[in-house]
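Student: 3D model of this:
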Amino acid sequence: MGQHPRPSLSTIWIPVTSPARAASAARTSTPADSATFAGLGVAPALIASLASGGIDAPFPIQTATLPDSLAGRDVLGRGRTGSGKTVAFALPLVSALAGSRSAARRPRGLVLVPTRELAVQVDNTIAPLAKSVGLTTRTIFGGVGQNPQVTALAKGVDIIVATPGRLADLIKQRLCSLEDIVVTVIDEADHMADLGFLPEVRRLLDQTPADGQRLLFSATLDSGVDVLARRYLHSPVTHEVDSAASPVPAMDHHVFNVDAADRGEVVAQLVGGHGRTLAFARTKHQAKRWARTLTASGIHAVDLHGNLSQAARQRNLAAFADGDVRVLVATDIAARGIHVDDITLVVHIDPPAEHKAYLHRSGRTARAGAAGVVVTVATHDQRRDVADLMRRAAITPTQHKVRAGDSTITDIAGPSAPRVVVPNAQPIPEERTGRGSGRGAGGSRGRSSNGSGSGAGRSSGGSSGGSNGRQRTSSGSRPGQASGSSTTRSSQSTSSAARSSGGSTTVWSSSGGATAPAAPRRGPRRATRAAGGTSSAA
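Tutor: Next up is the predicted model:
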């Protein structure tokens, strides 16, 4: 397909096509107090749909961009995650498609996102708006079977929210076409670049009509995003609200300087409060182990990382979003891939490697004008790196020397909720000896039914993330009791993350200057079936 002419960089920033357009581009990001969706030109049916979801007034980025995007102009929107970007592009997308259909029932609206979790959450915002005007939506992403997606496309769908890889696969199989696309949205473009998706994004955009409307939203314009904007946006109007480089005023930043021996219990006290907490670990292995150990100590937690199956990722995220579980331990996949309201505390168990990751992780709290607290836990050998990290992020955190049990922890994170320790839960040692066909991610030896040895145990369903599969370790215990307790909800109680067996002692092991939690020991055999059959192993 053809492409738009490449505008100059000055066109991206200061389009000079008419006095009205230039004035629009120069519009400040601060809305008038009287700004309403109706005043911005949003249709009554869409306003009613927003109100039913509790949205009755526009955020600054919506106030800034909607006059141009609803008028059909290409828009380049810059703003941090949580600033209201999804509604900002959902409204013009649905408005442009309302009242018409593709003769072949092919998609006419396309939203490209970097992660599966983000695809689900974006669709959750767009779908009610689309339904209010008689349109349909569908998510397209990998990690799940393609047949339901193919069936939906064959029946006809108006808007698709897709990750680049799966969408490209379906197009190659001639199961999807972008020839009728009227509006294309690229969301989290900078994260798309970080993940290496831009070449695929360009190939997909090349298959959309050159005269279609394009909306690009990104926190920054680095990592090749500016090239994407130059190539595919035609005389775009740029609006910037709260870029990712600027800290959130309502966010309090703290650094807890701890001894390695105290790190585990300090983390447990931090995340053990009454609020919703998102904790970040650097690796998939550590995220899994922290979730297991916290659960064994009476703080129900679930993990989110790339080793989990898509079904397990969605179940764990849903348990966290619904409030069934208050603590989510995640790798950086969650820094840009999830949007959960009312996260009161973000804990950097492992400080990130670079400042952009710190800002994106921290941006999970203090969303939509709410306040939030961010705590970075630093051992002695991490202090210099953390100081450099904060300098590059333009953050001046409050420094604390903290030991386990200090009142500083509760002063900042709030009082800890009572720990509900399941009887006889015991953590496993850092390494276990003995025969086994493989080493599980938690440091134990186990065997999965598919022979890979990478799972935490043996599953009759052939996958540790399979549904309704009774799972056994090589010793006969079930990961759903202790090792999988961090990612399952008991069929008898949806308020509990899992059911465990064994003692209540929590062991924190140390390696070098930093400590890592040891995963819970699998308890004695006992028949337990978790709803959905999920496991912390992927």
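Student: from here on, contacts and neighbour counts on C-alpha atoms
Tutor: Noted.
Student: which of the residues in stretch 118-130 are buried?
Tutor: By 16 or more other C-alpha atoms under 10 Å, the buried positions in stretch 118-130 come out as 118-123, 125-130.
Student: where in the stretch 1-150 of the chain is pLDDT low?
Tutor: Scanning the stretch 1-150 of the chain for pLDDT under 70 picks out 1-34, 80-82.
Student: Show me the strands in it, by range?
Tutor: 75-79, 109-112, 137-140 (DSSP state E, counting those that start in this stretch).
Student: got the CA positions of the longest one in CSV?
Tutor: Output of strand 75-79 as CSV, limited to C-alpha atoms (Å, rounded to 0.1, in the frame of the first residue of the first chain):
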residue,chain,number,x,y,z
VAL,A,75,-2.2,13.1,16.3
LEU,A,76,1.1,12.5,18.0
GLY,A,77,0.3,12.3,21.8
ARG,A,78,3.0,12.2,24.4
GLY,A,79,2.1,11.4,28.0
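Student: which residues sit against it?
Tutor: 12, 61, 65, 68-69, 85, 214-220, 229, 233, 236-244 (C-alpha atoms under 8 Å, 6 or more residues apart in numbering).
Student: could you pull out the strands for the stretch 201-350 of the chain?
Tutor: Assigned by DSSP E, counting those that start in this stretch, the strands in the stretch 201-350 of the chain fall at 213-218, 237-241, 251-257, 276-280, 301-304, 327-330, 343-348.
Student: which SSE is the residue nearest to Val266 when sequence neighbours are not counted in?
Tutor: Leaving out its chain neighbours, the residue that sits closest to Val266 by C-alpha to C-alpha, 6 or more residues apart in numbering is Ala404, at 5.1 Å. For Ala404, there is no enclosing helix or strand under DSSP states H and E.
Student: Return the most buried member of the strands of the stretch 201-350 of the chain.
Tutor: strand 301-304 (a mean of 32; mean count of other C-alpha atoms under 10 Å).
Student: Break the chain down into its domains, please.
Tutor: 9-241, 251-413 (automatic domain parsing).
Student: quick one, which of those domains is packed in tightest?
Tutor: Buried most deeply of the domains of the chain, by mean count of other C-alpha under 10 Å, is domain 251-413, with a mean of 21.
Student: So for that one, mean pLDDT?
Tutor: The pLDDT scores in domain 251-413 average 87.
Student: before we move on, back to that, got a markdown table for the strands of the stretch 1-150 of the chain, with distance to Thr184 too?
Tutor: Output for those, formatted as a markdown table (distance: least, C-alpha to C-alpha, whole Å):
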| stretch | distance to Thr184 |
| --- | --- |
| strand 75-79 | 11 |
| strand 109-112 | 5 |
| strand 137-140 | 14 |
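Student: Just put the strands of the stretch 201-350 of the chain in CSV and tack on distance to Gly77.
Tutor: Formatted as CSV, the strands of the stretch 201-350 of the chain follow (distance: least, C-alpha to C-alpha, whole Å):
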stretch, distance to Gly77
strand 213-218, 5
strand 237-241, 5
strand 251-257, 23
strand 276-280, 27
strand 301-304, 29
strand 327-330, 28
strand 343-348, 25
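Student: So for Val377, which of those sits nearest?
Tutor: strand 251-257 (4.9 Å; C-alpha to C-alpha).
Student: outside of that closest one, which residues touch it?
Tutor: By C-alpha under 8 Å, 6+ apart, strand 251-257 touches 365-366, 371-380, 383, 395-402.
Student: ranges for the helices of the stretch 251-400 of the chain?
Tutor: Per DSSP state H, counting those that start in this stretch, the stretch 251-400 of the chain carries helices over the ranges 263-271, 284-296, 310-322, 333-337, 355-362, 383-392.
Student: Dump the ones you listed into a markdown table; add distance to Ile55 as well.
Tutor: Listed next are the helices of the stretch 251-400 of the chain as a markdown table, based on distance: least, C-alpha to C-alpha, whole Å:
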| stretch | distance to Ile55 |
| --- | --- |
| helix 263-271 | 30 |
| helix 284-296 | 34 |
| helix 310-322 | 18 |
| helix 333-337 | 22 |
| helix 355-362 | 24 |
| helix 383-392 | 34 |
